[in-house]
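>>> show me how the following folds:
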Amino acid sequence: MKFDTEGHAYTWYNEYAKGIGVSVRREYVNKNKETGVITSRRFVCFKEGIRRKDKRDMFMKKPRKETRTGCEAHMTISLQPNGKYTIIDFEPNHNHKLADQSCAHILPSQRQIAPAQAIEFELADDSSIQPKLAFELMGRRAGGRENLGYLQQDQKNYLRTKRKNALKYGEAGSLLNYFHNQLLENPSFFFKVQTDIED
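As a prediction, this is how the structure comes out:
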């Protein structure tokens, strides 16, 4: 098989993985030192490798679940002279139980928020609709939660990241931005700012 970009190869392998009930991740990459172009990349099963010895406290109440099983399943692509990526190594066999198709949509690499869904999150958030209720509504519209392609936690993470980015330039900047928006919405709104020596 040939792919135009490394991203197309990942998308294809991820769809293949969803069909059999696994999640995938990018492992190593080789790049051209002069141009920075990816010359080869390996995609692996998310259970590839073995976790190192846990250095945390042995009396921890909720230790992280062990997910690695040393699975050898992978796909390696390489850049050819014609500018296309070709599969040069493929191992289809997994050493662990595969997820049932009814649960494949909640595997880490399969959960993706589409741009249209992100806009709906923002509209619901701006309208003061609770995230849980917005998730229920979107699930019903899609014919069930399994058809959404993401979990409620993904929605919460997206909204948290959006709020963090909105506050990137500081609390004072966010407050001024809020006041300017209020001024546009309500002509009778008034605010005055006095700056100190540090502006």
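>>> how far away is the residue nearest to Leu176 when sequence neighbours are not counted from Asp126?
Leaving aside its sequence neighbours, Leu176 sits nearest to Val193 (CB to CB, 6 or more residues apart in numbering; 7.0 Å). All C-beta spots, glycine's among them, are computed from the backbone N, C-alpha and C. Between Val193 and Asp126 the computed distance is 25 Å (CB to CB, to the nearest Å).
>>> same check on Arg141?
Going from Arg141 to Asp126 by CB to CB gives 18 Å.
>>> so which of the two has more stuff around it?
Set Arg141 next to Asp126 and count neighbours by other CB atoms under 10 Å: Arg141 wins out with 11 against 8.
>>> contact partners for the more buried one?
Counting by CB atoms under 8 Å, 6 or more residues apart in numbering, Arg141 touches no other residue.
>>> switch to 10 Å and redo it
Listed by CB atoms under 10 Å, 6 or more residues apart in numbering, the contact set of Arg141 reads 120, 147-148.
>>> repeat for Ala124
Taking CB under 10 Å, 6+ apart as the test, what Ala124 contacts is 130-131, 133-135, 137-138, 155, 159.
>>> drop anything exposed from the residues you listed.
With neighbours counted using 16 or more other CB atoms under 10 Å, the contacts of Ala124 contain these buried positions: 134-135, 138, 155, 159.
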